[in-house]
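Visitor: structure for the following, please:
(one chain, ligands or ions: 1)
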Amino acid sequence: MSMDDMNLEVLQRRLSGLPVSEIRYYERTGSTNDDALEWINKGAPDRSLVTADEQTAGRGRMQRHWVTRKGTSLAFSLIFRPEASELVPFYAPLGALGIALALETLTSANPQIKWPNDVLMGGKKVSGILAEAAWEGDRLTGLVLGIGINIATSAVRLEDDFLFPADSLQHSLGRAVDRVDLLVEVLRQIFQWQNRLGSTEFITEWNNRLAFRGEQVRINRPGMEAVSGEVLRIGQDGLLWIRQDNGKDISVTAGDVSLRQTDPKLRE
Ligand code: BTN
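Guide: Numbering: from 1, shown residues only. This is a model prediction of the structure:
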């Protein structure tokens, strides 16, 4: 794997066929999402890209940290300037679908999407997404789609404290993946599917890759009671449907899906 592959010149050349407006590349930054949010305030055009080789203060969902070690990963943030706010909830899933489709295109992998938007390979998380909207009062000024992908085995270390088991593409596939090739394909897929955001086709593709379908999960919801039951599907509105143990179906808006431990006493 050529890990000295990323710099501004390479990115500009490799992304020239895509509708990316402007590119900023940092060898090291705090968080590309923070850079992108700042850039939105200073007039970043729609479809601008911030990418970094190393992040020292990468952020994840629910106030978590996201580690990006030099030369090991993809860490980038795409800036959008949506006209309206209705489709905002679909941007993070758009990222997940884009990554899954890109991996299917470039490799023989069968990635899955852990609702709402983590990408899994072999049941372990290889990519995380943090979408953040920027508002001026109640006017949406922009949207940042932040994506982190563990590329090389050295992206994931034992001492890292993961809530959900993590893996790298290199380890999962048993071979190195060129991260610029992957970036190009992920962006291509994202721009292509952005036109069909929230469409029936979009939900179907998302559902086709839904992790834990038919399995028992427990969903911890911030500030609410946890929900347990069988994963059914993602609805047209992007919510996750769960069949609870009492047989009632419930839709879930936000939370962290984790596989519920099977009670050892119930095993044959
Ligand atoms: C998660 O799984 O909790 C989301 C992780 C999102 C990480 C990416 S890396 C690029 C961008 N910049 C950040 O600070 N976070 C996102």
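
Visitor: from now on I want contacts and neighbour counts done on CA atoms only, so please keep to that.
Guide: Fine.

Visitor: hang on, residue 250 packs against residue 242?
Guide: Yes - between residue 250 and residue 242 there is a contact at 5.4 Å, judged by Cα atoms under 8 Å.

Visitor: more neighbours: those two, which one.
Guide: Counted by other Cα atoms under 10 Å, residue 250 and residue 242 do not tie: residue 242 has more neighbours, with 27 against 16.

Visitor: I'd like the distance between the more buried one and the ligand.
Guide: Using Cα to the nearest ligand atom, to the nearest Å, residue 242 is found at 22 Å from the ligand.

Visitor: for that residue, which non-adjacent residue is spatially closest?
Guide: residue 231 (4.8 Å; Cα to Cα, 6 or more residues apart in numbering).

Visitor: isn't that neighbour right up against residue 243?
Guide: Yes - at 6.6 Å, residue 231 counts as touching residue 243 under the criterion of Cα under 8 Å.

Visitor: higher neighbour count, the two?
Guide: residue 231 (23 against 19).

Visitor: show me what contacts the most centrally placed residue in the chain?
Guide: The centroid of the chain falls nearest to residue 129 when counting by Cα atoms, centre = their mean (3.0 Å). By Cα atoms under 8 Å, 6 or more residues apart in numbering, residue 129 lies in contact with 60, 61, 92, 95, 96, 117, 118, 145, 146, 147, 148.

Visitor: which strand or helix spans it?
Guide: strand 124-136 (DSSP states H and E).

Visitor: what's the angle from the helix or strand just after that strand to strand 124-136?
Guide: Heading C-terminal from strand 124-136, the first helix or strand you meet, by DSSP H and E, is strand 139-150. On the basis of axes from the mean of the first three to the mean of the last three Cα atoms, to 10 degrees, strand 139-150 is oriented at 160 degrees to strand 124-136.

Visitor: mind listing what's buried along strand 139-150?
Guide: Buried positions in strand 139-150, judged by neighbour count with 16 or more other Cα atoms under 10 Å: 140, 141, 142, 143, 144, 145, 146, 147, 148, 149, 150.

Visitor: filter these down to the ones close to the ligand.
Guide: Contacts with the ligand within these, as defined by Cα under 6 Å from any ligand atom: 146, 147, 148.

Visitor: okay then, goodbye and thanks.
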